[in-house]
Structures are given as C-alpha cells and as structure tokens.
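S.K.: How does the following fold in three dimensions:
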Amino acid sequence: MIYITGANGWIGLNLIKNIVQKKYHNWDVGHSNIHAFILKGSSKKNLRAISKDINIVEGDLLDKFSLEKFLEKSENGILFHTAGIIHPKKVNDFYKVNLKGTENILLESFKRKIKKMVFVSSNSPFGFNKLRNNHFDENSTYNPYMNYGNSKMQMEKMILKYSNELQFDFTIIRPPWFYGPFQPARQKRFYEMIKQGKFPIIGDGNNLRSMVHTDNLSQGLILAANNKVSSGKTYWIADERPYSMNEIVNTIRELFLNTYETSCNLRTIRLPNIISSIAEYTDLFIQKIGIYNQEIHVLSEMNKDITCDISLAKKELNYKPLIDLKQGMKIAMNEIY
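M.R.: From the prediction side, this is the model:
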C-alpha cells in the first residue's frame, strides 16, 4: 500500500505517475493500492488521467478525522508526505501546514504502523551559499531563509525529535527549485515573461541554482522508500549540476525559438543587485507583520547562489539524475505549448 499526501500537487502527481509506470521500483502494487490524499474541493482530474483506480480521499492535514480515514488499514504501508505550502497568503499558514500538518500525519502514521515515512523538505532551511562553489550537503548547518525556510527547518527538527522518542523508519528528502509536468499556473507566467523579454536578471546572472526535474525527484523519493540504508537519514536530490540564471533563461529562449518555432524577445532586463536587497528587506518587514507576497519573495532570491551536493544520494541510494535542464524544460513546456 502506498499513501501520498499532496497527491494532486506538482510533486505528488509526478510521483504517482512514476509509481504507476513502475519506474525506479519493483513494487507489486496495483493502482487501487495507491491512496491519494488531496485538499477538500481540489481537482481530481489529473489523478484520474493517470489511473481511474487510485483511491482518493479528500481532507486536510489539520483535520485528524480525514487523516484517520486516509490511513485506514495502512499498516506496513509506505507514506510519501509531499504536501506543503510554499506561497500562502498569510505567514502563519507556513506553520499550520508545513509544521503542524506534518506532525499530524506523522503521529497518525505511527499509530497506524506505517513501515516507512518519506518526508519532502526544501533547500530553504539553509538559506544561500556563502561561496559560489560551496554547495550545501547533509552536514550543512541550518540558516533558514524567511518563514518558509523556518517552517521547514522546524519540520525537520520535529521529525527527528519524534523519531528519537518513538523509533520509526523515515527519510527526509531536500529538493531545491523543482520543475516539470503538472506545473501550477504561475509557471506559465515565468515562461511568458522570458518569451516577452520581461524576465529580470538581477546582477550578472552568473549566480548558480540547483534545480530538480520532477522525474529526478520522483526517482529520489522512490529510492529512499525502497532502500534500507536510507533509514533515519536525509538526502539532497537535484539534477546532476547547478545552472546559472543566464543558462536557465537562455535554455527557455532556445526552446521557444528552435523547438516551438515561435517568436521570442531576446531582450534582457538587467537590474542591479540592490533591487534584490530592497526586496529582501521589504519581504522581511511584511512577513514580520504576517503578510506574504510571492513576487517580492522571489525577487529577493533572484541573485543568490542556492546549490546542493547530491553525492550522498548517488552513493547510498544509487540515485542517477537522468534528465537535464534542456530536456526537462522541454518536457515541462510541452504541457503548455
């Protein structure tokens, strides 16, 4: 039995697709043994397109009754906790969903004797790289960026605390900026801004960002669930190498011009680094009074180096990122264009 929270989200849908297609695993699991937990009232369309036999439970991580229903008869099952919130309207929602929601699903899973829990974290508990080639690894110290990073840091610490007290099998996966199919509407805006020559590069654009295609991330999640060596450990999962902001933008431009044979404005809006600094201070201020603004937050990170080292996942999980930026962006953009 496989149990997946956030099942109709960006990570959840790609994970289910890979499980159904029997990628990266040899589990003998029928589609009816995949249990999908989604927010009440949210769309089932993409889940049903993957398989009509998937069991879907609507609910909320903060509603223990719906969690009990979701995890009914889940003994010896595998839980993938992909649900979370990245861009809320209110700062407090970070802690309600990412911290309290995770605590609720963890305790209910333990109660139901789930045999393995795999939790999705983030790069945000670690902020930015101090030096360009000083990548984050599993021994890096916490330095959370804003409330999202803090909520994920507290989530990781809470998991470790309960694991010491209760003794259960878990793995934490830290993905950086992810991309791929089943993307939210905001991704089209990202592509369109580049197409129209309106996407800003802050600084020289040589800052590096680790990214992970959702197929690569799904591989990492499945390997973590299927490998005893991962018990009680944390892994960074990303593409083979980081990409500069210039490379990310130019890759998307090339796809517009050469693959989709459509016009693309090659103008680059270059802004000084102080713009990111202003956005960072503004973000810090408004989050202190409980307000979150996605555009300001993203702008504050635009000139930062945020990279990770995937050596441990390669060594212990036999993780092999198969999709690179150009191939992955083509797969993602095919969904829209």
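
S.K.: Setting aside sequence neighbours, what's the nearest residue to Met146?
M.R.: Excluding its sequence neighbours, the residue lying closest to Met146 (Cβ to Cβ, 6 or more residues apart in numbering) is Gln287, at 5.9 Å. All C-beta spots, glycine's among them, are computed from the backbone N, C-alpha and C.

S.K.: Contacts for the lengthiest helix in the chain, please.
M.R.: The single longest helix within the chain, with elements called by DSSP state H, is helix 146-166. Helix 146-166 is contacted by residues 84, 86, 91, 94-95, 98-99, 102-103, 106-107, 110, 119, 121-122, 124-127, 142, 144, 168, 170, 172, 232, 234, 283-284, 287, 292, 297 when judged by Cβ atoms under 8 Å, 6 or more residues apart in numbering.

S.K.: Can you flag the buried ones in those?
M.R.: Neighbour counting with 16 or more other Cβ atoms under 10 Å marks 84, 86, 91, 94-95, 98-99, 102-103, 106, 110, 119, 121-122, 124-127, 144, 168, 170, 172, 234, 283, 287, 292, 297 as buried within those.

S.K.: related to what we said a few turns ago, just the ones in strands from the contacts of helix 146-166, please.
M.R.: Members of these lying in strands (criterion: DSSP state E): 119, 170, 172, 234.

S.K.: Would you reformat the residues you listed as a markdown table and include pLDDT and distance to Lys44?
M.R.: Listed next are those as a markdown table, based on pLDDT from 0 to 100; distance: Cβ to Cβ, whole Å:
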| residue | pLDDT | distance to Lys44 |
| --- | --- | --- |
| Phe119 | 98 | 24 |
| Phe170 | 98 | 28 |
| Ile172 | 98 | 28 |
| Thr234 | 98 | 32 |
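
S.K.: Dump those into a markdown table; add distance to Gln196 as well.
M.R.: Formatted as a markdown table, the ones in strands among the contacts of helix 146-166 follow (distance: Cβ to Cβ, whole Å):
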| residue | distance to Gln196 |
| --- | --- |
| Phe119 | 38 |
| Phe170 | 44 |
| Ile172 | 39 |
| Thr234 | 40 |
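
S.K.: and which of these is nearest to Asn14?
M.R.: The shortest approach to Asn14 among these belongs to Phe119, at 16.7 Å (Cβ to Cβ).

S.K.: pLDDT at Asn26, what is it?
M.R.: With respect to pLDDT, Asn26 has a value of 78.

S.K.: The helix or strand hosting Gly220 packs against which elements?
M.R.: Assigned by DSSP states H and E, Gly220 falls within helix 214-225. Under the contact criterion of 3 or more Cβ pairs under 8 Å, 6 or more residues apart in numbering; DSSP states H and E, helix 214-225 touches helix 10-20, strand 78-81, strand 116-120, strand 170-174, strand 177-179, helix 311-317, helix 325-334.
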